[in-house]
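1. Give me a 3D structure for the following:
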Amino acid sequence: MSEIAEDVKHIPLENIHISLGAKMVSFAGYLMPVRYSSDIEEHMVVRNAAGMFDVSHMGEFVLKGPKALDLIQQLTTNDASVLAIGKIQYTALTNPEGGIIDDLLVYRIGVEEYYIVVNASNIDKDKSWFLKHMPAEGVSFNDISEDTCLFAVQGPRAHEVVAQLTTFDVASMEYYTCAHIDLAGHKNVFISATGYTGAGGFEIYVPNEIAIDVWQKLMKAGETVGMKPVGLGARDTLRLEMGYCLYGNDITDTTNPIEAGLGWVTKFTKKFTASDKIQEQKNAGVTRQLVGFSMVERGIPRGHYELTDAAGKRIGEVTSGTQSPCLGIGIGMGYVEKAFAKVDTEIYVSIRGKLIKAKVVKFPFVKK
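-> Take a look at the predicted model:
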């Protein structure tokens with residue numbers, strides 16, 4: 001454990017994960033379970049049955065008041081005014097240059113109340129951004145990140161697991177909806193039909209004081225479908241097979257939503273930070289674009305590997321890459337010059353001095 005920084009933060013269930021055999025690593029400032037058995041085994045249990053992740057490092061904010069929506073509209077790219085109570089929206093925060101501060105989820109949980117879920121590595125940055133733009137009155141901001149655990153029960157049989165612990169009809173929950181339910185003997189547990197795997201399932205937000213009890217009851221219920229605990233290693237390969245962006249890799253403060261393929265959550269029907277600049281970029285056309293690619297020849301792409309044309313001229317860079325457990329081939333994401341962004345275009349990945357052939361493909365890599 002000598003590589004673990006002294007100032008790393010600890011999630012409430014750390015000892016539970018260690019007892020389950022987890023390898024713990026420092027990630028986004030937190031000590032987190034990266035795997036319990038093997039990445040491939042954990043990946044496939046999520047694709048085929050169900051797995052449970054402890055992602056309590058994620059950040060949660062609550063915005064409340066008559067001006068809460070105005071603040072969200074001002075700072076995020078998507079149009080939160082269309083959200084009915086119980087609905088969720090994927091969106092992004094942008095900086096004055098048009099770069100992405102973070103990608104996040106906005107939940108509407110009341111008439112004037114919103115729940116915001118942000119990436120662990122960006123909690124402090126996002127919090128400062130919201131507080132910097134708070135109006136003098138009309139909205140309260142509450143950071144509940146340190147008091148909240150988040151468990152993701154993911155996979156095609158996830159609903160069978162959760163249904164054992166509640167009378168609420170979780171199987172009927174539509175994608176990107178949320179509710180407060182009685183679960184595992186606890187009142188008012190917040191649950192959403194969301195996830196970062198593309199396998200279906202739920203994310204369950206619980207106060208720290210009941211977290212161990214809820215985790216253990218979910219694990220017990222999961223025995224009926226062969227559910228296993230799953231670490232961050234498989235979480236990364238699962239999200240990559242779906243073409244989901246990872247902040248810090250595929251999107252950053254210097255990538256804009258249009259070139260990152262997030263035009264679908266960038267609504268110019270209202271003003272938000274740098275909206276004029278981003279609209280100009282859209283109208284002018286971007287010079288590079290985030291694409292997915294699969295290897296034609298044998299090889300595994302990794303972050304920061306160079307992407308080239310057939311002659312070896314640099315055309316971009318890999319931002320995420322892995323060997324797909326489901327497809328059995330190397331897959332990746334990266335930014336390429338616009339001329340090479342079309343589906344089926346041949347590109348090459350420079351791996352240990354050799355140019356290995358790949359082709360641009362449409363997301364997701366693994367079809368649902």
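2. Next up, phi/psi of the spatially most central residue of the chain, please.
-> Against the mean C-alpha coordinate of the chain, by CA atoms, centre = their mean, the closest residue is Tyr196 at 5.0 Å. Backbone torsions of Tyr196, given as degrees, to the nearest 10, read phi -120, psi 20.
3. Is it in contact with Leu238, as I believe?
-> Yes - using CB atoms under 8 Å, Tyr196 is in contact with Leu238, at 7.2 Å. For the C-beta atoms, the positions are set from N, CA and C on the backbone; glycine is no exception.
4. what touches both of these two?
-> By CB atoms under 8 Å, 6 or more residues apart in numbering, Tyr196 and Leu238 have these common neighbours: Gln154.
5. any idea which element the nearest residue to Leu83 once chain neighbours are set aside lies in?
-> Counting by CB to CB, 6 or more residues apart in numbering, Leu83 lies nearest to Arg108, which is 4.1 Å off, once chain neighbours are set aside. In this structure, Arg108 sits in strand 100-110 according to DSSP states H and E.
6. pLDDT on that strand, on average?
-> On average, the pLDDT along strand 100-110 is 98.
7. ok, now stretch 173-191?
-> 98.
8. ok, now stretch 300-314?
-> Averaging pLDDT along stretch 300-314 yields 98.
9. now swap in stretch 241-254 and tell me
-> On average, stretch 241-254 scores 98.
10. Just the buried residues of it, please?
-> 241-247, 249-251 (16 or more other CB atoms under 10 Å).
11. now swap in stretch 340-355 and tell me
-> For stretch 340-355, by 16+ other CB under 10 Å, it's 340-341, 345, 347-351, 355.
12. Can you give me the end-to-end span of that stretch?
-> 16 Å (CA to CA, to the nearest Å).
13. Leu290: neighbouring residues, count only.
-> 24 (other CB atoms under 10 Å).
14. How about Thr177?
-> Neighbours around Thr177, by other CB under 10 Å: 16.
15. wait, isn't it in contact with Phe202?
-> No - counting by CB under 8 Å, Thr177 does not reach Phe202; the two are 10.5 Å apart.
16. Overlap of the contact sets of these two?
-> Common neighbours of Thr177 and Phe202 (criterion: CB under 8 Å, 6+ apart): 192-193.
17. Now for Val25: which residues touch it?
-> Val25 makes contact with 4, 31-32, 34, 232 under the criterion CB under 8 Å, 6+ apart.
18. Just give me the closest of those to Met134.
-> Nearest to Met134 among the contacts of Val25 is Met32, at 30.7 Å by CB to CB.
19. what sits opposite that closest one in the beta ladder?
-> Judged by DSSP bridges, the bridge partners of Met32 are Val25.
20. residue ranges of the strands in the stretch 251-368 of the chain, please?
-> Here the stretch 251-368 of the chain has its strands, by DSSP state E, counting those that start in this stretch, at 288-295, 306-308, 314-323, 330-337, 346-351, 354-361.
21. in its sheet, what does the second one sit against?
-> To tie it back to what came earlier, the one meant is strand 306-308. When pairing is defined by DSSP bridges, strand 306-308 lines up against strand 314-323 (antiparallel), strand 346-351 (antiparallel).
22. Let me have these in TSV, adding distance to Gln279 as columns.
-> As requested, the strands paired with strand 306-308 are arranged in TSV below (distance: least, CB to CB, whole Å):
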stretch	distance to Gln279
strand 314-323	24
strand 346-351	29
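23. give me the low-pLDDT residue ranges for the stretch 1-150 of the chain?
-> Applying pLDDT under 70 to the stretch 1-150 of the chain flags residues 1-6.
24. mind listing the strands for it?
-> 9-10, 23-27, 30-35, 51-54, 59-64, 88-94, 100-110, 113-118, 140-143, 148-154.
25. Mind giving me the packing neighbours of the last one?
-> Other elements packing on strand 148-154 under the criterion 3 or more CB pairs under 8 Å, 6 or more residues apart in numbering; DSSP states H and E are strand 51-54, strand 201-207, helix 208-222.
26. and with 6 Å instead?
-> Applying 3 or more CB pairs under 6 Å, 6 or more residues apart in numbering; DSSP states H and E, one finds that strand 148-154 makes contact with strand 51-54, strand 201-207.
27. orientation of the longest one relative to strand 148-154 in degrees?
-> Here strand 201-207 points in a direction 160 degrees away from that of strand 148-154 (axes from the mean of the first three to the mean of the last three CA atoms, to 10 degrees).
28. average pLDDT for strand 201-207?
-> Here the average pLDDT along strand 201-207 is 98.
29. tilt between it and strand 113-118?
-> Going by the same axes, to 10 degrees, strand 201-207 makes 110 degrees with strand 113-118.
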